[in-house]
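Below is the sequence, then the predicted model.
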Amino acid sequence: MEHQHRSTLKQQNKPFKSRHATKGSIRDKFKGKVESQNLSIKNAAKVTKASRKNRAKMVQQKRKQELVEANRLFHNAPKIVAMIPLCPDIDVASAISALFGCVGQSFAGAPVLNLKNEFKQSIQFVAPERSLLSVLDAVKVADYVVFLMSAEVEVDKFGDLVLTSIKAQGLPSVYHMVQHLERHDAKRQYGIRKSLLSFVSLHFPGDQKLYSAGLNQECVNLLRQITAQRPKPVIWRDEYSYILADHVEHEAADLSTVTLKVTGYVRGGSLSANQLVHIPFYGDFQISSIWSAPTADNHRAMDVLPEELELPVPDLQETLQSENPVDEMDAEQTWPTEEELNEGDAQRAKMERKIHRVPKGTSSYQAAWIIESDEEDDEEEDNNSMSVDEPQGGMTQHNGALSDATSDDEEYEELALEEKDGDFDNTVDANEELTSYEELKKQRELQDDLEFPDEIDTPRDIPAQVRFQRYRGLKSFRSSPWDAYENLPKDYAKIFQFANVKQTYKSVLLRCQEEGVAPGTRVTVNIANVPASICGTYDSLRPFPIFGLLYHEHKFSLLNLLVTRPTPVAPSSSNEEISDDSYIENQPIRSKDPLILQCGFRRYIVKPIYSSHTPPPPNGIYKFERFFHIGKPTVATVYAPIQFGQGPVILFSTNPDKETKLVATGSVLNMDVKRIIAKRLILTGHPFKINKRSAVIRFMFFNPKDVLYFKPVQLVTKLGRIGHIRESVGTHGYMKCIFDGQIRQEDTVCMYLYKRVFPKWNSQILSLEELQRVHPTKEKNSDVIFTA
């Protein structure tokens, strides 16, 4: 037997302590080896083969249960298919008739195709009119989208606008169908299919198929794909409950409101009577009751009486209060006495009342026009004395002019000339001229903002300490402290703030899962106090959806939206400019310009302010952006109802004289009310005299008081020097400054000033009246108008 020494006598070498990887470790890493994890004996004893098998079995059962729950919805409820036309010559009714005819059924106006015998499912078609909002509402509730294209007409700019907007909103499973392909021969059909598939792959990369509406076999294949495939989930939509109305009735409650009865299948999440529901173009409403409704394939539906499934609980029902009540005396520390109030009123009246010495009989209105200055009275007396002396010489000249005019009448005659200026003025539209001027002014301001961002000229007629009294200087824009609750506007008292938004979001979702009517149930929802103008707007082919809101989503808060302006289509030649005939807005967008905001299910007219999108700084300060630049991610801030999660955001233009254009797309960033948006101003000066580290700077201020007022603010040059104001020189605003090094004569000295800005309280729901005002219906381009 071989002799072995015990382990205590073996030599132990020191480990290799280099921070860099050795060649051997790099070679082992790229060979595909996986580093073994050193498990402790205690943990290794727990992870046995039986426990691993049990864990795998539980995961498998959970996935199977999720699949069963997802497919259980379509045992009774039909799958919703939205038919979206992308070309102007598309006939949606003909395409639906072709799908009905391929299985031996006739399309008689009913949108539901019963395929229980063939595929054990049914399909409900939704055919919105060729308007943007109708298309977006149809896609919001659709399980599948079929884009209809033509073999004869190309996709126009409205089709491009629809595709871009739908992709930004959230897209379910997609199919493509072509019409009028049978009108061409086989060789021509191959080229058309290849061209259309190239266009489809541009928007939807991957293996896409194209179905012809003129071939029965391809229509059957499309129906088989729809019924056999599980719909692609839309994450943000599946958290909400929604109903696509199969039938709508109303009962008059009073002269102005009705009780709306909407019948349909509950989809998405559970629907509770304590929640609020949103009706597009009308707003949020409370539910009075939820009743069961018989399914369409129940032959004994007439014998089954509806049951009351849920009634709202008064203590748990969500209220229609959207704003926090404002207490005017909330921050008041002392209450003034009655004597102080009377004394203040008397002093204010004394300051407002001015006493004039006027002749008797003069009214207060006439007295307001009388000037009391002695110097002006003297000037008037001098003018009057001069006017008295003038008539002697002036009259002789006038008489001579009369005699000359009398002699000239015999030789000349008066002839009226045509005024051409009036004809030219008739050809110029004043509104169009004003619009063109405003657009040109915006273009110049945008160019200045790109070349010289935030730089302004110090006014000469107003002292700088008065003009910029609300601004402050910061030593560091990133780290200098700024109190988020300092000098807040009164609108901040109206909004709601959560201590922990994520935790509130989780608790709201958990509450919605525990109560309410389960998805897949056909119900009749009674909605109370709906405006009577909604009557008559229901059409079986056009979408009429209602959406259940999560708790607290009716209340207002500060919404920060991360949006990006898409780049317009580049011209084919470098000499050409970007065409205005595009579905993407290429005009400058300034902060507080009105836009149409679609956030999740709801739409508003808002005037957002923009700020930079940067990693969160320690002090929470973000730079205000005067313009919404193209291709740059920007945060838009508005007062709007709460939107949990990262719902999709789309912005559209609101110019009534032009067509609807896409401005930006994005998502909800957060609801941070402590976000400080600081507007920056840069006052610039130029070196007058330079002496090593000191220099005399001019043209930044124009009086010594302003120099003394802004003396504590730090100075920065464009070439990187840092300094401060030492003292004022002279009486014209010149100042002596000290820098950390010698500056150049061509350098520019800058002073950065900041002011916190807030959005305006002007968000309102996009109603039908507001939509007609913003985008009135036009006859020439009825396909691309922003109508409902």
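On my side now, so go ahead.

CA only for contacts and neighbour counts going forward, please
Fine.

Following the chain onward from the longest strand anywhere in the chain, which element is next?
Counting residues, the longest strand found in the chain (DSSP state E) is strand 676-691. Sequence-wise, the next helix or strand downstream of strand 676-691 (DSSP states H and E) is strand 694-698.

on that earlier part again, list the neighbouring strands of the longest strand of the chain plus their orientation.
Taking DSSP bridges as the criterion, strand 676-691 forms sheet pairs with strand 455-456 (parallel), strand 621-625 (parallel), strand 694-698 (antiparallel), strand 749-756 (antiparallel).

Next, the buried residues of that strand.
676-687, 690 (16 or more other C-alpha atoms under 10 Å).

Reformat these into TSV and put pLDDT next to each item.
Formatted as TSV, the buried residues of strand 676-691 follow (pLDDT from 0 to 100):
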residue	pLDDT
Ile676	93
Ile677	94
Ala678	94
Lys679	93
Arg680	92
Leu681	92
Ile682	91
Leu683	92
Thr684	91
Gly685	92
His686	92
Pro687	92
Ile690	91
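
Now render the residues you listed as a markdown table, adding distance to Lys607.
Converted to a markdown table, the buried residues of strand 676-691 look like this (distance: C-alpha to C-alpha, whole Å):
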| residue | distance to Lys607 |
| --- | --- |
| Ile676 | 18 |
| Ile677 | 15 |
| Ala678 | 17 |
| Lys679 | 17 |
| Arg680 | 20 |
| Leu681 | 22 |
| Ile682 | 25 |
| Leu683 | 28 |
| Thr684 | 31 |
| Gly685 | 34 |
| His686 | 37 |
| Pro687 | 41 |
| Ile690 | 47 |
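
Now do the closest residue to Phe628 other than its chain neighbours, the pLDDT please.
Sequence neighbours aside, Ile589 is the residue nearest to Phe628 in space, at 5.4 Å (criterion: C-alpha to C-alpha, 6 or more residues apart in numbering). Looking at Ile589, its pLDDT is 89.

any idea how far Gly645 is from Ile589?
27 Å (C-alpha to C-alpha, to the nearest Å).

more neighbours, those two?
Counted by other C-alpha atoms under 10 Å, Ile589 and Gly645 do not tie: Ile589 has more neighbours, with 21 against 17.

Surely Tyr190 forms part of a helix?
Yes. Membership of Tyr190 in a helix is supported by DSSP: H, G, I helix; E, B strand; the rest coil.

Give me the pLDDT value at it.
The predicted local confidence for Tyr190 is 89.

go on, Leu559?
pLDDT, Leu559: 93.

roughly how far apart are it and Val668?
7 Å.

same deal with Val174?
Distance from Val174 to Val668, counting by C-alpha to C-alpha: 25 Å.

Looking at the two, which is more packed in?
Legend: neighbour count by other C-alpha under 10 Å for Val174 and Val668, higher for Val668 (21 against 18).

Torsion angles phi and psi at that one?
Torsion angles at Val668 (phi, psi; degrees, to the nearest 10) stand at phi -70, psi 130.

Quick one: residues contacting it.
Listed by C-alpha atoms under 8 Å, 6 or more residues apart in numbering, the contact partners of Val668 are 559-562, 599, 643, 645-649.

switch the cut-off to 7 Å
In this structure, Val668 makes contact with 560-562, 646-649, judged by C-alpha atoms under 7 Å, 6 or more residues apart in numbering.

Using CSV, lay out these together with neighbour count, distance to Val749 and secondary structure.
Formatted as CSV, the contacts of Val668 follow (neighbours: other C-alpha atoms under 10 Å; distance: C-alpha to C-alpha, whole Å; DSSP: H, G, I helix; E, B strand; the rest coil):
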residue, neighbour count, distance to Val749, secondary structure
Asn560, 25, 34, strand
Leu561, 26, 35, strand
Leu562, 24, 34, strand
Gln646, 17, 43, coil
Gly647, 20, 45, coil
Pro648, 22, 44, strand
Val649, 24, 41, strand
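
Ok, which of the strands paired with strand 676-691 comes nearest Leu202?
For these, proximity to Leu202 was assessed by C-alpha to C-alpha; strand 621-625 is nearest, at 33.0 Å.

can you map out the strands along the stretch 401-550 of the chain?
455-456, 522-531, 545-548 (DSSP state E, counting those that start in this stretch).

now for those strands, which one comes closest to Gln745?
Gln745 lies closest to strand 455-456 among those, at 19.5 Å (C-alpha to C-alpha).

avg pLDDT for the closest one?
Mean per-residue pLDDT for strand 455-456: 86.

Tell me how far Asp740 lies from Tyr734.
Distance, Asp740 to Tyr734, by C-alpha to C-alpha: 20 Å.

now swap in Gly269 and tell me
From Gly269 across to Tyr734, the span is 69 Å (C-alpha to C-alpha).

So what's the residue count around Asn274?
Asn274: 24 neighbours (other C-alpha under 10 Å).

Between Asp740 and Tyr734, which has more neighbouring residues?
Counted by other C-alpha under 10 Å, Asp740 and Tyr734 do not tie: Tyr734 has more neighbours, with 23 against 13.

Quickly list what the residue lying closest to that one once chain neighbours are set aside is bridged to.
The shortest distance from Tyr734 to any non-neighbouring residue, by C-alpha to C-alpha, 6+ apart, is to Arg698 (4.7 Å). Taking DSSP bridges as the rule, Arg698 bridges to His686.

got the contact list for Arg698?
By C-alpha under 7 Å, 6+ apart, the contact set of Arg698 is 685-688, 733-735.

measure the nearest residue to Gln513 once chain neighbours are set aside to Gly516 for me?
Nearest residue to Gln513 in three dimensions, chain neighbours excluded: Ser270, at 6.2 Å (C-alpha to C-alpha, 6+ apart). Distance, Ser270 to Gly516, using C-alpha to C-alpha: 5 Å.

When these two are compared, which one has more neighbours?
Legend: neighbour count by other C-alpha under 10 Å for Ser270 and Gly516, higher for Ser270 (22 against 19).
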